[in-house]
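Visitor: after the sequence you'll find the predicted model.
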Amino acid sequence: MFASSLIGRILLVALGVILLWALYAGETGASGPERSYRVKPGDTLWSIAERTFPGDPREGVWELRERNDLGSAVIVPGQVLVLPA
């Protein structure tokens, strides 16, 4: 009786540790350094997304706008954008 109670408690503690680890594992900052891009004449969000974002450029444009708090798709040469990870 005592052994099954002890095993149950150990499993419960282990489950709690795993849940805590899962919650905080993604917040380590281990994704590498933040990448940035200086806008050149003729660049558009679309062209930057095509070159730097894997997958659908529409998602890249959305990510660029969100990451850089852009109210519109207007960018200017010399502007520095943070690229999606």
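Guide: Received it, and whenever you're ready, just let me know what you need. Residues are numbered from 1 along each chain as shown.

Visitor: so Ser5 is in which element?
Guide: Assessed by DSSP states H and E, Ser5 sits inside helix 2-24.

Visitor: what helices or strands is that helix leaning on?
Guide: Applying 3 or more CB pairs under 8 Å, 6 or more residues apart in numbering; DSSP states H and E, one finds that helix 2-24 contacts no other helix or strand. From N, CA and C alone the C-beta is placed, and that goes for glycine too.

Visitor: where do the helices of the chain begin and end?
Guide: For the chain, the helices defined by DSSP state H occupy 2-24, 45-52, 57-67.

Visitor: packing partners for the second one?
Guide: What it means is helix 45-52. In terms of contacts (3+ CB pairs under 8 Å, 6+ apart), helix 45-52 is packed against helix 57-67.

Visitor: mean confidence score for the helix it packs on?
Guide: What helix 57-67 shows for mean pLDDT is 93.

Visitor: so how many other residues sit close to Leu15?
Guide: 10 (other CB atoms under 10 Å).

Visitor: same question but for Pro57, I mixed them up
Guide: 17.
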